[in-house]
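J.: This is a predicted model, with the sequence first.
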Amino acid sequence: MDRRAGAGDPRPIGIFDSGVGGLTVVRAIRERLPMEPTIYVADLLHFPYGPRFQDEVRGFAIDIIRYLESRDVKLVVIACNTATAAALNHARELFEVPIVGVISPGAQAAVEATKNNRVGVISTEGTMRSQEYLHAIKEIDPMVGVYQKACPELVDIVEAGEADSPRAEEVLRRDLDDIVRLGADTLVLGCTHYPLLKPAITRLYPGSFQLVDSATTTAAKVERHLDHSRLRAAGAEPRHEILVTAVPHQFDRIAANIFGDAVHAQEVQLWEKQTT
């Protein structure tokens, strides 16, 4: 196919996360690039990634990228901050397919958003331990103060479909207290599950933070890459697949809330089943 002649590149964009959170990135990509087909993999078999060791998460990520490569994707998005921190650099050395993570776009947006040079970052334990947000923000502007907080319970709340609930508000008050007292004017939602908590955060702290959503900033980076590499799709109605590595319990229901219509995830086996 001569893609330079304007025929477009109909291959899908591959996207993955440990659970439902990465669908916020899928939604942002679909909104920004409505002609692009997508394949999304939720690794429910190994959810959550946050508490796991980096080398373990890196192994899962490499296996998923290998599967997506076998599906002939034109670009891979690691729609998970923990997996981005653990695997992005290593994966770029292993694979020829272009790979985009979610940390760099979020860091850039945070530096551009802050007016008082105080940025809060909420994330999983794995992302915080990696210090990737701190390094990414300081590389852009060393004068920005970065206050990091691991908020693992928030991931469980979102996966349980309780993002806009009294339980979510209670945990957010506890987890954001230090960041509020330190005077941060910008809050990076450093986990792709967290954009679903925006209504609760805005209700609890109206006007306190400029919220930086890694989903929207990553979608913008994907668009720039496709344009630069002339990989945009054109023409036919795009096909979207949502795959899970273990039987989903509430996944379809929460996914439907994200997209506003029914979602039917299909199970895919990427690893040999463990025998007990």
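T.: Great, that's in hand. Numbers count the residues shown, from 1 in each chain.
J.: how many other residues sit next to residue 188?
T.: Residue 188 has 31 neighbouring residues, counting by other CB atoms under 10 Å. All C-beta spots, glycine's among them, are computed from the backbone N, C-alpha and C.
J.: quick one: average pLDDT of the host helix or strand of it?
T.: According to DSSP states H and E, residue 188 maps onto strand 186-190. Strand 186-190 comes out with an average pLDDT of 97.
J.: Would you mind listing the buried residues in the helix or strand that that strand is followed by?
T.: Next in sequence after strand 186-190, counting helices and strands by DSSP H and E, comes helix 198-204. Using 16 or more other CB atoms under 10 Å as the test for burial, helix 198-204 gives 200-201, 204.
J.: tell me which strands and helices helix 198-204 is in contact with?
T.: helix 166-181, strand 210-213 (3 or more CB pairs under 8 Å, 6 or more residues apart in numbering; DSSP states H and E).
J.: and which of the buried residues of helix 198-204 is nearest residue 108?
T.: When those are ranked by distance to residue 108 (CB to CB), residue 201 comes first, at 21.0 Å.
J.: Return the distance of the closest one relative to residue 219.
T.: Distance, residue 201 to residue 219, by CB to CB, to the nearest Å: 20 Å.
J.: Tell me if I am right that residue 262 is in a strand.
T.: No: read with DSSP: H, G, I helix; E, B strand; the rest coil, residue 262 is coil and lies in no strand.
J.: low pLDDT regions in the stretch 1-150 of the chain?
T.: Within the stretch 1-150 of the chain, the segments meeting pLDDT under 70 span 1-7.
J.: As a check, name the ranges of all helices in it.
T.: 23-32, 54-70, 81-94, 103-113, 125-130, 132-140 (DSSP state H, counting those that start in this stretch).
J.: what angle do the strand holding residue 188 and helix 166-181 make?
T.: Computed by axes from the mean of the first three to the mean of the last three CA atoms, to 10 degrees, the angle separating strand 186-190 from helix 166-181 equals 130 degrees.
J.: quick revisit: quick one: closest of the helices and strands packed on helix 198-204 to residue 21.
T.: Using CB to CB, the helices and strands packed on helix 198-204 put strand 210-213 closest to residue 21, at 11.6 Å.
J.: Of all residues in the chain, which one is nearest the centre?
T.: Centroid check for the chain by CA atoms, centre = their mean gives residue 79 as the closest residue, at 3.1 Å.
J.: quick one: contacts for the closest residue to that residue other than its chain neighbours?
T.: Spatially, and ignoring its direct neighbours in sequence, residue 79 is nearest to residue 22 (3.3 Å; CB to CB, 6 or more residues apart in numbering). Contact partners of residue 22, counting by CB atoms under 8 Å, 6 or more residues apart in numbering, are 15-16, 40, 42, 79-80, 192.
J.: export the residues you listed to JSON lines and tack on distance to residue 87?
T.: Listed next are those as JSON lines, based on distance: CB to CB, whole Å:
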{"residue": "15", "distance to residue 87": "14"}
{"residue": "16", "distance to residue 87": "10"}
{"residue": "40", "distance to residue 87": "17"}
{"residue": "42", "distance to residue 87": "16"}
{"residue": "79", "distance to residue 87": "12"}
{"residue": "80", "distance to residue 87": "9"}
{"residue": "192", "distance to residue 87": "15"}
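J.: And those residues, which is closest to residue 263?
T.: Nearest to residue 263 among the contacts of residue 22, with distances taken as CB to CB, is residue 40, at 9.9 Å.
J.: okay, now the closest one: neighbour count?
T.: Residue 40: 26 neighbours (other CB under 10 Å).
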